[in-house]
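K.L.:
pasting the sequence and the predicted model now:
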Amino acid sequence: MTSRTSIFLLGVGIVCASLAVMAQAADPHLTADPAKNLYRSSAFLHGYIHGYESGFHRGDLDLHLNREPQEAAKPQAGDVGYRSEFGDRRIFERGFREGSAAGYGDAWRGSAFRGVAQVRRLAETIAPDVAARKDFDEAILAGYQAGWQEGRKRPLTSAELRGSERACLAAHSAPPYCDAYGRGFGLGYADGSLSPPLGKEAQTAQARDARAK
Ligand SMILES: [Zn+2]
C-alpha cells in the first residue's frame, strides 16, 4: 500500500467515524425536546418515554393487524437502545419496561398517545433545583411504583392523590424529594389505573370498538 493510499484510507476512516459519532449524538429527547432538562435529570423518565414510544408502536400494529396482545409488550433486548450518556442503565431499562407496557396498553385499547404530553407537563412544573437533586430519579421511581400499585387497586380522588406527597413527607424529611415522589406517583397512578390485564376476557368495550373500525 502506498503512503498516499493509506493517508486516503485514513481520511475515509476519520470521516466515517465522525459520521457515526454525529448519528449517535442526535438523541432528540436530550437536545431538542421541551422536556430535555427532565430527561437529562432522570434516566427513568428518559427510558420511560423510549419505552412508551416503542410500546405504543407495537400495540398499534397488533391492534390494526387484529392480533392477540403480545406478552404485553415485553420489550426485546435490542429495543431498549441504551447509551452511556443516558445515565444509570438499570434505571433507564426499568423506565423502558414501564413505559413500554403503558404505551402498548394505550395503543392496544385504542386510547390516545398520552405519554409525551404527560412527561412534558411534569417538566413544565418541576423546579430546576428539584430536578438537579442526586436522589431525583430515585424519588420519581419510588413514587411511580407506589402510584402504580394504588392505581391498580382503586380510583383515588384528587385529594387522595395529593395526599401521596404528604405521606412521603411524614416518612421522609426532604420536601424536594417528596415533590419528585408526588410527581412520579401521579404518573404511576395514571398507568396503573389504565392497565387492566390485556387478553380476551379483559377486552373493554372501548377496545372492541376500536378493533371493529
Ligand atoms: Zn432519548
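P.N.:
That came through, no problem.

K.L.:
close to the ion: what parts of this protein are there?
P.N.:
Residues of the chain found near the ion (C-beta under 5 Å from the ion) are Asp27, His29. Heads up, the C-betas are built off the backbone N, CA and C, glycines and all.

K.L.:
how about the chain: which residue is closest to the ion?
P.N.:
Nearest residue of the chain to the ion (C-beta to the ion) works out as His29 at 3.3 Å.

K.L.:
any idea which residue sits dead centre in this protein?
P.N.:
By C-alpha atoms, centre = their mean, the chain has its centre lying nearest to Tyr48, at 1.2 Å.

K.L.:
need the contact list for that residue.
P.N.:
Contacts for Tyr48 (C-beta atoms under 8 Å, 6 or more residues apart in numbering) come out as Gly95, Phe96, Glu98, Gly99, Ala102, Gly115, Val119, Leu187.

K.L.:
show me the contacts for the third one.
P.N.:
Looking back up the chat, that one is Glu98. Tyr48, Gly51, Tyr144, Trp148, Gly188, Asp191 are the contacts of Glu98 under C-beta under 8 Å, 6+ apart.

K.L.:
surely the fifth one touches Trp148?
P.N.:
Yes - counting by C-beta atoms under 8 Å, a contact exists between Gly188 and Trp148, whose distance comes to 3.8 Å.

K.L.:
so the two - more neighbours on which side?
P.N.:
Gly188 (26 against 23; other C-beta atoms under 10 Å).
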